[in-house]
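**Q** next comes the sequence, and after it the predicted model I'd like to discuss.
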Amino acid sequence: MTTTAAAMNVAVTQLCGRGRRRRPAALRHDHRWARLLRLAVATRAVRLVWDQLLACSSCGGGGGARYRRLGPPHGPDVLPPLAMDDDAGAHAHTDADDDAADVEDVVGLKVSLLGDCQIGKTSFMVKYVGDGEEPNGGLQMTGLNLMDKTLAVRGARLAFNIWDVAGDSQSADHVPIACKDAVAILFMFDLTSRCTLNNVTDWYERARKWNKTAIPILIGTKFDDFAQLPLEMQWTIVDEARAYARAMKATLFFSSATHNINVNKIFKFITAKLFNLPWTVERNLTVGEPIIDF
Ligand SMILES: Nc1nc2c(ncn2[C@@H]2O[C@H](COP(=O)(O)OP(=O)(O)OP(=O)(O)O)[C@@H](O)[C@H]2O)c(=O)[nH]1
Ligand SMILES: [Mg+2]
């Protein structure tokens, strides 16, 4: 293990240690009961969605199950079957979505994006939600962008509420609100800028103060630029990124918003993991390709 990885381990261990302050038992139980209840409702809704999807894919998209697909036909909006090149065509919520589900059965999933300046967080979010969409939402502040993407299947809807915190120091105040109640936190760094990977430790530490349960995902951005670097350099970064991911107990993805690599897949991974759905992502440890490690 590298010295950096060891240092990261120590940081994470200390962090976890600090996080173990105990609350009164009654409070803990209330909180846990509310979470369990929410999770049970959410799980039922998503299982319904998932069953419909499986039914649909098993009949080749026609016949048996009836559901309305969102966006252009080439887009894998609603948790399509896994394929390595299935990242094309993310689409924003549109008016057409509104009549796709006439039941107000929305499962909201808050996801936070954290990382240094200029590493591609906003580009990643915009790529996922849909090209041409501007960051918006019920809350607009300097340094904080919100976007929603709703996936609809007949009577059920799944809404990703994405909170994108700018990487400058003034925007760090938004970390608590962005992380609280998030189901997943995406810790992002630029694959072509090593210090942005080293700074993930700070982002992780800040985020875990406010949320100890969200699924951690480590994302190396700008894979398209990274792939142009000499292979030895790529090896070094891959090793280091994998060590960070292990220390954070995070799944590691290399992605490119520009080339739409592993953008949709990350959100599908979150959904499958949250609801224990029968969808698994394949590991890819081939240097020169977009790494996926867990
Ligand atoms: N080559 C390449 N450039 C990218 C990619 N994603 C984003 N960029 C570029 O990186 C720069 C920064 O992108 P942003 O999405 O604004 O970065 P950010 O992390 O939101 O930055 P802050 O809001 O300042 O924290 C822009 O010039 C993007 O065009 C990518 O996948 N590949
Ligand atoms: Mg941004």
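**A** Received, thanks. Ligands and ions are numbered 1, 2, ... in the order given.

**Q** mind saving the C-alpha coords of the helix or strand where residue 233 lies as PDB?
**A** Here residue 233 is covered by helix 231-248, with elements defined by DSSP states H and E. Coordinates of each C-alpha in helix 231-248 appear next as PDB, following Å, rounded to 0.1, in the frame of the first residue of the first chain:
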ATOM      1  CA  LEU A 231       0.300   4.400 -19.900                       C
ATOM      2  CA  GLU A 232       2.800   4.500 -17.000                       C
ATOM      3  CA  MET A 233       1.200   7.700 -15.800                       C
ATOM      4  CA  GLN A 234      -2.200   6.100 -16.200                       C
ATOM      5  CA  TRP A 235      -1.000   3.100 -14.100                       C
ATOM      6  CA  THR A 236       0.000   5.400 -11.300                       C
ATOM      7  CA  ILE A 237      -3.300   7.200 -11.100                       C
ATOM      8  CA  VAL A 238      -5.300   4.000 -11.400                       C
ATOM      9  CA  ASP A 239      -3.400   2.500  -8.500                       C
ATOM     10  CA  GLU A 240      -3.800   5.600  -6.400                       C
ATOM     11  CA  ALA A 241      -7.500   6.000  -7.200                       C
ATOM     12  CA  ARG A 242      -8.100   2.300  -6.300                       C
ATOM     13  CA  ALA A 243      -6.400   2.800  -3.000                       C
ATOM     14  CA  TYR A 244      -8.500   5.800  -2.200                       C
ATOM     15  CA  ALA A 245     -11.600   3.900  -3.200                       C
ATOM     16  CA  ARG A 246     -10.700   1.000  -0.900                       C
ATOM     17  CA  ALA A 247     -10.100   3.400   2.000                       C
ATOM     18  CA  MET A 248     -13.400   5.100   1.500                       C
END
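
**Q** what packs against the following helix or strand past that helix?
**A** The helix or strand immediately downstream of helix 231-248 is strand 251-254, counting by DSSP H and E. Helices and strands touching strand 251-254, by 3 or more CB pairs under 8 Å, 6 or more residues apart in numbering; DSSP states H and E, are strand 215-221, helix 231-248, helix 263-275, strand 292-293. C-betas here are computed from N, CA, C, even on glycine.

**Q** do you know how far residue 120 is from residue 213?
**A** Distance of residue 120 to residue 213, given as CB to CB, to the nearest Å: 26 Å.
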